[in-house]
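> No sequence on hand, only this structure:
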């Protein structure tokens, strides 16, 4: 009986030690990510195939509030970088950036969180062909969604993520990124 009480007391003590690590999961967090972005557009226009496929190094600044274990609201500034591709023998450059607001759902699995996001992105896109002296700009608000995983150690999280920005005029605008966040209590 005495051994059972000692074992129960030790188990309770160790579980209390883990509370500060668990409580750091929720709260306001800030972070940044860097990764590979892509912009693809494929259209037939007057018998010519206009196919644009550019990749670049992109980044994002992250601000969020995880108010319960399984749900957060997150705002991001996303810069997908400047990519270029040759289209019909002419170099064409793209530059896409925006601000997104998403709901992020988490599934905690020990120190790892699997997560999915859905929200809206207010984007700006510039497209230019410098050799032709042609440039165009567009903006709008469209759907954004993605999936990822993060590894938590106290208030620090290291995350990997894939996001899609469902911009109506492009076939695919996406980004794979790796980043860090810090949760404040």
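On my side now, so go ahead. Just so we're clear, the structure is a prediction, and the values are computed from it rather than from any experiment.
> where does residue 167 fall, phi/psi-wise?
Here is the backbone geometry of residue 167 (degrees, to the nearest 10): phi -70, psi 130.
> So it sits against residue 124, correct?
No - using C-beta atoms under 8 Å, residue 167 makes no contact with residue 124, being 10.5 Å away. All C-beta spots, glycine's among them, are computed from the backbone N, C-alpha and C.
> Quickly list what's touching both of these two.
Counting by C-beta atoms under 8 Å, 6 or more residues apart in numbering, the residues touching both residue 167 and residue 124 are residue 96.
> in which helix or strand would I find residue 179?
Here residue 179, judged by DSSP states H and E, is contained in strand 172-184.
> Return the list of strands paired to that strand, each annotated with direction.
Paired with strand 172-184 in the same sheet, following DSSP bridges, are strand 27-45 (antiparallel), strand 156-166 (antiparallel).
> Run through who's touching it.
Under the contact criterion C-beta under 8 Å, 6+ apart, strand 172-184 has outside partners 24-40, 58-60, 62, 64, 66, 78, 80, 96, 150, 155-167.
> make it 6 Å
Strand 172-184 is contacted by residues 24, 27-33, 35-40, 58, 62, 155-165, 167 when judged by C-beta atoms under 6 Å, 6 or more residues apart in numbering.
> Kindly report the same for stretch 40-49.
Under the contact criterion C-beta under 6 Å, 6+ apart, stretch 40-49 has outside partners 50-53, 170-172.
> still on that earlier bit, going by mean pLDDT, which of the strands paired with strand 172-184 comes out lowest?
Mean pLDDT across the strands paired with strand 172-184 is lowest at strand 27-45; the value there is a mean of 92.
> immediately after that strand, which helix or strand?
Sequence order places strand 48-68 as the next helix or strand after strand 27-45, per DSSP H and E.
> What strands flank that following strand, and is each parallel or antiparallel?
When DSSP bridges is applied, strand 48-68 pairs with strand 27-45 (antiparallel), strand 71-87 (antiparallel).
> looking at these, which is buried most?
Stretch with highest mean neighbour count among the strands paired with strand 48-68: strand 71-87 (a mean of 18; mean count of other C-beta atoms under 10 Å).
> ok now that one, how far from the chain's centre?
What separates the centre of strand 71-87 from the centre of its chain is 8 Å, taken as C-alpha atoms, centre = their mean, to the nearest Å.
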